[in-house]
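Enquirer: Predicted model follows, preceded by the sequence.
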Amino acid sequence: MAEFSKPIPAVTPEMREFFDGARTGRLMVQKCDGCGKLRFPADDLCSKCNSTASRWVPVSGRGEIFSFNIMHQVYHPGFAGQVPYGVVVVELEEGCKIVSNLVGVKPHDIKCGMPVEVTFEKLNDEVSMPKFRLRAAK
């Protein structure tokens, strides 16, 4: 695999199950054992019930664009060749939100409400990142 010029997230103990899932093509989020609220990224405390008990669960990876921003400035040299690019907030069917990128769509064609599904980009042997692509509307 060619050297990757973009920053690669560290696989921390708190996020290990997320990265393990992504490496095998599963999108994982935390689920509160107290009230059942789903959350991402990992947190020690549930914002709904204050429980500290949680576990990682797989989700469908389907959702829609909740919000987005088009990046026109280069904040890291690894992204210089992609400007402009879109950063999207996807609201998953299960209710939680995840920040990612939308692949296969020009940045200025991104619209809120677009139906999407997860795909994964392998960055190295340990890290694959969830990205999203358009899917057919229901």
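Expert: Perfect, thanks for sending it.

Enquirer: Double-check A80 against Q73; I have them as touching.
Expert: No: counting by Cβ atoms under 8 Å, A80 sits too far from Q73 to count as a contact (10.3 Å). Quick note: C-beta positions are derived from backbone N, CA and C, even for glycine.

Enquirer: what about these two, which has more around it?
Expert: A80 (10 against 7; other Cβ atoms under 10 Å).

Enquirer: Nearest spatial neighbour of the more buried one, chain-adjacent residues omitted?
Expert: V74 (4.8 Å; Cβ to Cβ, 6 or more residues apart in numbering).

Enquirer: Which pLDDT value belongs to that neighbour?
Expert: Note on V74: pLDDT of 93.

Enquirer: what's around it, how many residues?
Expert: With other Cβ under 10 Å as criterion, V74 counts 12.

Enquirer: State the distance from it to V83.
Expert: 6 Å (Cβ to Cβ, to the nearest Å).

Enquirer: Check A53 too.
Expert: Taken as Cβ to Cβ, the span from A53 to V83 is 42 Å.
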